[in-house]
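Undergrad: predicted model and sequence below, questions to follow.
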Amino acid sequence: MPRLAPSQIGQFLSEGFLVVDHAFSPLTLDALIAEFTTTVDRNAAIALEDGLIVNTFPDEPFEKRLARVVESAPDPVAANTPGCVLFENLRGKHKSDAMFDLMTHPDILEIVESIIGPEILAHPQFNVRAKLPNQDQSVVPWHQDLGYLELDAQDTLMVNFWLPLVDSNKENGCLEVIPGSHQVYVDHVEGLGPAGNFKGIPDDLVDNSSAVSCPVPKGGVLVIQHRTIHRSVPNTSKTIRWSLDLRYSDPALPTGRDGVPGFIARSESDPNRAASSLNDWLSITP
């Protein structure tokens, strides 16, 4: 897509968020979805052999399969915990060819460059999320992404992408944001969310009267600032809300992750600095 229009940049800067419904072709996600499908295959086979589940549901579609597999477990609670083999390499930081290609996709970087210019660091803090139906531990309370970083990055203008791999809506747990809430940082506390597993802002400190629900289609993105207050709502559907959190910033500014390297995704001043492959990314060490 072309760079953001001035009105879109203005909304991002003034309200702290922007939904771009058609940021890139949905087909762009096929390679990454294929990687996750292969991982689900492998994890389900191991879980079946270990007696953790009774069916791998090989014919179920991507947006349903992992949930069906978990539901088949004799002990669904044990199968639905973050440390279970069923979620291995399906949460957190996933480094692969398909992830690198998406993080450096020209349409993504054009959005970033529209806001912060042509020197772009792919931030070291990024995540894969598989939000299963009726899963308490994936319901995220009100928070600012800065709450998960060191505060030396408070004045860094970050471009944070929430990017669904399937159509997202309120039923399957899309995000809600509070427009204009990026002006001030609020101290975060531990133990929030239905499962008590997230840092966040207590509800009584958040004025959510202006909260906006942000459904995003596959191929679209929600772009927020790192001080924008937002949350994810429960997934009450029958499908999985697969999504990514990606972040970008100027490499000359603090990332809030001292000692954890990102990689240069684009550089006008020195194009040779930009990583050109997964191997370049993997070769970067603290």
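TA: Cool, got the structure. Computed from a predicted structure; not experimentally measured.
Undergrad: show me where the stretch 151-286 of the chain has helices.
TA: Assigned helices in the stretch 151-286 of the chain, in chain order: 278-283 (criterion: DSSP state H, counting those that start in this stretch).
Undergrad: in this structure, where's the longest strand?
TA: strand 241-249 (DSSP state E).
Undergrad: what is the neighbour count of the closest residue to Val233 other than its chain neighbours?
TA: Leaving out its chain neighbours, the residue that sits closest to Val233 by CB to CB, 6 or more residues apart in numbering is Gly173, at 5.5 Å. Every residue, glycine included, has its C-beta placed from N, CA and C. The number of residues packed near Gly173 is 26, by other CB atoms under 10 Å.
Undergrad: hmm, Gly173 is touching Asn235, no?
TA: Yes: using CB atoms under 8 Å, Gly173 is in contact with Asn235, at 3.7 Å.
Undergrad: shouldn't Val189 be in contact with Asp203?
TA: No: the criterion here is CB under 8 Å, and Val189 misses it with Asp203 at 11.4 Å.
Undergrad: and those two? Which one has more around it.
TA: Comparing Val189 with Asp203 by other CB under 10 Å, the one with more neighbours is Val189, at 15 against 11.
Undergrad: ok, what's across the strand from that one?
TA: Residues in a beta bridge with Val189, per DSSP bridges, are Gly200.
Undergrad: show the pLDDT at the closest residue to Asp21 other than its chain neighbours.
TA: Leaving aside its chain neighbours, Asp21 sits nearest to Gly220 (4.4 Å; criterion: CB to CB, 6+ apart). The confidence metric pLDDT takes the value 97 at Gly220.
Undergrad: would you agree Gly220 is in contact with Pro164?
TA: Yes: with contact defined as CB under 8 Å, Gly220 counts as touching Pro164 (7.4 Å).
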